[in-house]
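> Sequence below, structure please.
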Amino acid sequence: MSQQVKLGDLLGEDLEEEFVNFDFTEIQEVLENLNEIDAIDIAHAERLQQLSLRGADILTEYLGKVVKTVGFLETKVNSVRNKVSLDYKAPDGSKTTTDMKIWAGNASTEVEAVQIRLAKAKASKVVLEKKYDILIRSHHHYKDIASGLRRTILGYSPVNREKIPEGYE
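This next block holds a predicted model:
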């Protein structure tokens with residue numbers, strides 16, 4: 001029996017993942033193969049389907065980690081901003097107004113640093129989502145090619161015997 005894998009194992013223990021260090025080697029290999037290999041027969045089309053799904057699977061794990069990181073950083077921005085605002089005192093010792101506290105929180109270098117990390121995480125999420133979309137669309141494209149090849153080359157006909165449009169027989 002294989003070892004049990006839990007969702008927590010896939011998402012990781014850290015609240016903020018080092019997403020810039022995610023290994024994209026296999027994803028790039030998959031994308032290169034999709035670009036270089038032609039679906040000239042059923043075996044190639046099915047292999048490209050499998051490659052697409054493998055890449056999408058890897059990206060799904062990365063997306064989960066990035067979504068977790070984005071949520072954590074959004075919360076951290078608010079908590080750091082609130083802490084800086086609450087701790088702010090007027091430098092000249094005069095009365096500290098609410099507006100001064102709000103401005104201090106918004107202008108804080110600590111808040112800016114967390115916002116920059118948040119922006120990088122959100123940008124990473126967009127990149128991962130776009131690559132995931134490419135891989136899923138590729139999977140369906142090659143699935144359609146394999147299905148067409150089965151109908152035309154092997155004489156395979158689906159059970160429901162749907163009418164094939166003219167020119168595609």
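> For residue 71, grab the count of nearby residues.
Residues lying near residue 71 (other Cβ atoms under 10 Å) number 12. C-beta: built from backbone N, CA, C; applies to glycine.
> in the chain, which helix or strand is least confident?
Every helix and strand of the chain was ranked by mean pLDDT, DSSP states H and E. The lowest is helix 7-11, at a mean of 67.
> Identify the residues contacting whichever helix or strand comes after that helix?
Helices and strands here follow DSSP states H and E; after helix 7-11, the next one along the chain is helix 25-36. With Cβ atoms under 8 Å, 6 or more residues apart in numbering as the test, helix 25-36 has contacts from 48, 51, 52, 54, 55, 58, 59, 131, 134, 135, 138.
> where does the chain dip in pLDDT?
The model of the chain has pLDDT under 70 over residues 1, 5-12, 153-169.
> same thing but 80
1-2, 4-20, 39, 150-169 (pLDDT under 80).
> What ranges does it have for its helices?
For the chain, applying DSSP state H gives helices covering 7-11, 25-36, 42-87, 98-107, 109-153.
> packing partners for the third one?
Where contact means 3 or more Cβ pairs under 8 Å, 6 or more residues apart in numbering; DSSP states H and E, helix 42-87 is packed against helix 7-11, helix 25-36, helix 98-107, helix 109-153.
> Any idea how far it is from the middle of the chain?
Centroid separation for helix 42-87 versus its chain: 5 Å, with Cα atoms, centre = their mean, to the nearest Å.
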